[in-house]
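K.L.:
okay, sequence plus prediction incoming.
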Amino acid sequence: MKNIMAAVVVGLMGTGAAWAADPVFGMWQTQPDKGVYYHVEMKACGAKICGVFRQKFDNGAKVASDVIGKNAMFDLVATGNGEYEGKAWKPSNGKTYNGSGKLSGNSLKIGGCVLGGLICSKQTWKRLN
């Protein structure tokens, strides 16, 4: 019995973010881009963190979208001090950015670049819950 319990504990320790609630987890509102913004759920995706589009808004009104359920953020890992590294997908231009995030209270600053830093984008998201 002790061996089984030890195996379970060791197994849980190896899953990292998959079982421990990370401070970035929850629902976030993206910064408006030409009147369009999204609600994104940040959660565990295996041992990493992802952000999934849950609702789209256009000038404050809920609208249907084919991006609902797709990842806004993926392959995120916490690097310490409220900082994250991973990838972000921006639906308005279809580009995937290598980037980072910085969590500060109820604010999440996201930034990333493509083409070796030639094209960059930044947003500040606000926590909904």
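P.N.:
On my side now, so go ahead.

K.L.:
contacts and neighbour counts: CA atoms only from here.
P.N.:
Noted.

K.L.:
look up how far Lys48 lies from the residue lying closest to Val52 once chain neighbours are set aside.
P.N.:
Closest residue in space to Val52, ignoring its immediate chain neighbours: Asn71 at 4.5 Å, by C-alpha to C-alpha, 6 or more residues apart in numbering. Distance of Asn71 to Lys48, computed by C-alpha to C-alpha, to the nearest Å: 13 Å.

K.L.:
the two: who's more crowded?
P.N.:
Asn71 (21 against 17; other C-alpha atoms under 10 Å).

K.L.:
so how far is Asp75 from the most centrally placed residue in the chain?
P.N.:
Centroid check for the chain by C-alpha atoms, centre = their mean gives Gly51 as the closest residue, at 3.3 Å. From Gly51 across to Asp75, the span is 9 Å (C-alpha to C-alpha).

K.L.:
what of Val40?
P.N.:
As judged by C-alpha to C-alpha, Val40 and Asp75 stand 15 Å apart.

K.L.:
between those two, which one's more packed in?
P.N.:
Val40 (27 against 18).

K.L.:
and the more buried one, what is it in contact with?
P.N.:
Taking C-alpha atoms under 8 Å, 6 or more residues apart in numbering as the contact definition, Val40 lies against 27-30, 51-55, 72.

K.L.:
Ala88: which of these is nearest?
P.N.:
Ala72 (5.6 Å; C-alpha to C-alpha).

K.L.:
what segments of the protein are helices?
P.N.:
All helices of the chain, identified by DSSP state H, fall at 2-13.
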